[in-house]
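*Asks:* Curious how this folds, go ahead:
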Amino acid sequence: MPGLLRGVARTAVIAGTATSVSNRVSRRQAGRWARQDAEQAQAQQAAGAPPPAAPTSLAPEDEMSNKIAQLKDLGDLRSQGVLSESEFEAQKARILAT
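*Replies:* Okay, here's the model as predicted:
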């Protein structure tokens, strides 16, 4: 009986240690992934979110009025100081190219 009890106790200690190590590794990996996700989110914010794609199924008149509305919005942003002149020109060229 003492040998059996000693074996059970040893198994319990080993299993407890393995569980503890496994949990610690899982928490460490989760922390690394969270930092990685945060860094990627910051990089995307710094690069700016890509503008939404213009719908391609619009009629030519609707497409032109959509472009005019986007250009007006860009002009408003530039006049408010949100966009610099170079950013305005780049976005204007992108809208007119589509």
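
*Asks:* gap between the most centrally placed residue in the chain and residue 82?
*Replies:* In the chain, the centroid-proximal residue (Cα atoms, centre = their mean) is residue 41; its distance is 4.3 Å. Plainly put, residue 41 is 21 Å away from residue 82 if you go by Cβ to Cβ, to the nearest Å. Quick note: C-beta positions are derived from backbone N, CA and C, even for glycine.

*Asks:* Then residue 5?
*Replies:* From residue 5 across to residue 82, the span is 74 Å (Cβ to Cβ).

*Asks:* how far does the host helix or strand of the residue nearest to the centre of the chain sit from the chain's center?
*Replies:* Element membership of residue 41, judged by DSSP states H and E, is helix 2-47. Here the centre of helix 2-47 is set off from its chain's centre by 25 Å, with Cα atoms, centre = their mean, to the nearest Å.

*Asks:* Could you shift the numbering so residue one becomes 12, and keep it that way?
*Replies:* With the count now opening at 12, the last piece we talked about shows up as helix 13-58.

*Asks:* For that helix, which helices and strands make contact with it?
*Replies:* For helix 13-58, there is no helix or strand it packs on, judged by 3 or more Cβ pairs under 8 Å, 6 or more residues apart in numbering; DSSP states H and E.

*Asks:* Mean confidence (pLDDT) on that helix, please.
*Replies:* Averaging pLDDT along helix 13-58 gives 83.
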